[in-house]
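Visitor: Give me a 3D structure for the following:
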Amino acid sequence: SITLLMNVDTLDLVHHSTEVDYLDAERPLILVFPSEPLRHGSHYALAVWNATGANGVPLPPKAGLIAVLNDSSNMRYEHFHDVLIKAFEKSVPWFSFGSN
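Guide: Numbers count the residues shown, from 1 in each chain. So this is what the prediction gives:
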């Protein structure tokens, strides 16, 4: 899996490490550890690319995320498309929302 942690206000990527916690095997958690302090009052976004489970099988996106990305009547739709996705596309040259 690839993770990208970005300050959405400045379009700066933040160096970080991640771990997966399988304490609850049905609902694993992704723990994110920034290598520098995050700025108070800033907005951050995390993108997880090609997430796989402990067995190496790709994890499907959750229904809630699919609804936000595909349902224009969802209250978060515009924010995801107009702010977050555009910010990642500007900051990360190889990021293309249409490709995944």
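
Visitor: Could I get the full set of helices for the chain?
Guide: For the chain, helices defined by DSSP state H occupy the ranges 63-70, 77-79, 86-91.

Visitor: Val20 touches Val48, doesn't it?
Guide: No: look at Val20 against Val48 with Cβ atoms under 8 Å: they stay out of range, at 10.4 Å. All C-beta atoms are positioned from the backbone trio N, CA, C, and that covers glycine.

Visitor: which residues are in contact with both of the two?
Guide: Common neighbours of Val20 and Val48, using Cβ atoms under 8 Å, 6 or more residues apart in numbering, are Ile30.

Visitor: So which of the helices of the chain is nearest Gly53?
Guide: The minimum distance between Gly53 and the helices of the chain falls on helix 63-70, with 16.4 Å, by Cβ to Cβ.

Visitor: tell me what that closest one is packed against?
Guide: When contacts are defined as 3 or more Cβ pairs under 8 Å, 6 or more residues apart in numbering; DSSP states H and E, helix 63-70 sits against none of the other helices and strands.
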